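Trainee: let me see the structure of the following:
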Amino acid sequence: MTKHSTKTHSTILILYILLINLFQLSVSRSFITSLPGFPGKLPFKLETGYVGLGEEDDLQLFYYFVESERNPIDDPLLIWITGGPGCSALRPFFNQLGPLIFDYHDTYEKIPKLLVNPYSWTKVASVIFVDASGSGFSYANTKDGLKTSDTLTSASIYEFLRKWLTDHPAFLNNPLYVSGLSYSGITVPVMVQDIINGNEAGNVPGLNIKGYMIGNPLTDRFIDFNSRIKFAHNFALLSDELYESTKASCNGDYVNVNPANGFCNRALAEVDKCLKDLNEHQILELNCDHMTVLQQWNKNSFKRNPVTGRVLAQLQDSDTWCRVDDYELVIAWATDEAVQKALHVREGTTEWSKCNTDHYYLGRNDTDTYKYDIPSSIAYHRNLTKKNCRALIYSGDHDMVFPYIGTRQWIRTLGLTVDRTWKPWFVKGQVAGYTELFSHDDYSLTYATVKGAGHAAPETKPEQCLAMVDRWFADTRL
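Mentor: I've put the predicted structure just below:
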């Protein structure tokens with residue numbers, strides 16, 4: 001080794017040591033061995049904590065970290081980005097891919113009872129769940145600390161990962177994947193691009209980024225929202241005549257509608273009559289936005305949700321069950337003082353909230369705390385096709401929020417080579433969905449549908465989704 005290279009190596013080592021000391025001041029963590037609602041000791045390793053971001057650690061992001069229950073030394077490290085934008089990590093933790101689920105048959109106590117989730121993704125990977133800014137137990141020391149945007153959120157997650165991995169060096173060499181669903185389709189590709197750019201710039205520590213996974217993603221506002229009409233027609237929710245007349249009247253554009261185009265507006269009004277009473281997140285499930293079924297029961301015969309007072313008529317086994325009831329149990333659990341103490345939440349910092357108030361709706365403008373500055377993330381996907389990177393994009397095929405039709409459309413714009421055409425994939429000998437495989441140089445993209453799944457596929461088809469991600473992590477065909 002030359003004198004110059006020895007000096008350079010020493011300088012990098014000194015800088016890394018200083019960085020460790022700086023970053024560790026920004027990270028606090030607690031090891032959790034038991035939780036209210038779960039009997040006995042947790043059968044997995046759970047850690048909670050805060051990572052301070054920005055100047056003087058003004059923004060404090062709360063996280064839940066679960067080590068892989070299989071082989072944490074070699075298994076992938078996954079960071080899960082909740083959609084919204086800006087929602088708590090507890091919904092994916094309990095309702096989608098985390099290690100615990102609620103006991104829906106025994107939910108009558110003040111603190112809902114918990115069970116082990118047999119289809120948790122922590123069976124095959126270590127997972128970091130992060131409460132977004134302004135949600136869950138994350139908080140800021142100043143009002144300006146909560147101001148963010150699509151691009152700032154992505155930069156914050158890169159900073160979070162650098163600080164967290166510096167404080168957890170045992171996971172620096174694990175394959176790293178960024179994942180999420182829904183609105184995360186806007187931010188996840190940006191996060192991956194930020195990580196790769198940081199690695200190429202020589203930022204310390206370097207992150208072992210391998211790729212990303214996104215489910216039913218919002219990717220391009222025009223393509224994804226426009227695809228709803230075609231999806232509805234494909235599923236026999238719209239007649240041929242109405243679909244064709246609407247398509248002709250609106251010139252195939254149902255998003256940027258000219259107010260003076262009376263034919264288009266009248267056609268879309270008829271479309272709305274056909275679709276407005278459906279559950280757009282899973283078109284086969286009850287629409288609970290205007291729920292009246294429960295009100296028809298003799299409510300005195302049933303016990304009630306401790307938070308909402310809604311009737312609990314054998315959750316998930318009844319014609320009256322609504323998925324939103326499951327989400328109310330998250331609120332009941334997270335807002336309990338004993339739970340917050342067990343999680344080592346800092347007292348007096350914030351009240352738990354399911355989401356911040358800045359959700360994205362079509363046509364919504366920027367808010368006081370969130371700027372929607374990325375209308376489409378297709379360009380980021382296209383940039384990543386030039387990198388050594390893997391992607392898994394999957395769609396619950398009964399989701400009308402961001403339908404599979406729009407997702408397949410924007411994937412085709414990437415100009416990738418088709419390595420494997422449309423084929424079924426199986427779980428326990430049954431068709432679990434359909435898949436295609438694309439590539440470009442060192443980039444590969446697997447697209448998969450999950451048969452019968454809704455907007456949050458891991459929630460509605462957990463066994464199939466666990467099989468899907470396990471096979472994809474192992475780089476085997478679905």
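Trainee: can you give me the strands for the stretch 151-300 of the chain?
Mentor: Listed in chain order, the strands of the stretch 151-300 of the chain (DSSP state E, counting those that start in this stretch) span 176-181, 209-215.
Trainee: okay, the ones you listed in TSV with mean neighbour count, mean pLDDT and distance to residue 445 next?
Mentor: Using the backbone N, CA and C atoms, a C-beta is placed for each residue, glycine as well. Listed next are the strands of the stretch 151-300 of the chain as TSV, based on neighbours: other CB atoms under 10 Å; pLDDT from 0 to 100; distance: least, CB to CB, whole Å:
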stretch	mean neighbour count	mean pLDDT	distance to residue 445
strand 176-181	26	97	14
strand 209-215	25	98	9
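Trainee: okay, these in JSON lines with distance to residue 31 next?
Mentor: As requested, these are exported to JSON lines (distance: least, CB to CB, whole Å):
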{"stretch": "strand 176-181", "distance to residue 31": "22"}
{"stretch": "strand 209-215", "distance to residue 31": "27"}
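Trainee: can you pull the phi and psi angles for the residue nearest to residue 407 when sequence neighbours are not counted?
Mentor: Computed as CB to CB, 6 or more residues apart in numbering, the closest residue to residue 407 that is not its neighbour in sequence is residue 395, at 5.3 Å. Backbone torsions for residue 395, taken as degrees, to the nearest 10, come to phi -130, psi 120.
Trainee: per-residue pLDDT, residue 395?
Mentor: Looking at residue 395, its pLDDT reads 98.
Trainee: and residue 368, by the same measure?
Mentor: 75.
Trainee: what about residue 382, distance to residue 366?
Mentor: For residue 382, the distance to residue 366 under the criterion CB to CB, to the nearest Å works out to 25 Å.
Trainee: quick one: which of these two has more around it?
Mentor: When neighbours are counted by other CB atoms under 10 Å, residue 382 and residue 366 differ, and residue 382 comes out ahead with 16 against 11.
Trainee: who are the contact partners of that one?
Mentor: Going by CB atoms under 8 Å, 6 or more residues apart in numbering, residue 382 touches residue 414.
Trainee: same check, this time on the one 5 residues further on
Mentor: The neighbours of residue 387, taking CB under 8 Å, 6+ apart as the test, are 196, 442, 443.
Trainee: from residue 420, how far out is the last one?
Mentor: Yep, that's residue 443 we're talking about. 15 Å.
Trainee: which of the contacts of residue 387 are buried?
Mentor: Among the contacts of residue 387, those classed as buried by neighbour count (16 or more other CB atoms under 10 Å) are 196, 443.
Trainee: pLDDT at the spatially closest residue to residue 456 that is not a sequence neighbour, what is it?
Mentor: Sequence neighbours aside, residue 96 is the residue nearest to residue 456 in space, at 5.6 Å (criterion: CB to CB, 6+ apart). On the pLDDT scale, residue 96 is placed at 94.
Trainee: contact partners for the most centrally placed residue in the chain?
Mentor: With distances taken as CA atoms, centre = their mean, the chain has residue 180 as the residue nearest its mean C-alpha position (2.9 Å). Listed by CB under 8 Å, 6+ apart, the contact set of residue 180 reads 80, 81, 82, 83, 187, 188, 214, 215.
Trainee: do residue 82 as well
Mentor: The contact partners of residue 82, by CB under 8 Å, 6+ apart, come to 88, 89, 91, 92, 129, 130, 131, 132, 135, 180, 184.
Trainee: what do you get if the cut-off is 10 Å, keeping everything else the same?
Mentor: Residue 82 is in contact with 88-93, 96, 129-132, 135-136, 180-184, 355, counting by CB atoms under 10 Å, 6 or more residues apart in numbering.
Trainee: can you check residue 275 too?
Mentor: Counting by CB under 10 Å, 6+ apart, residue 275 touches 228, 229, 231, 232, 237, 238, 283, 400.
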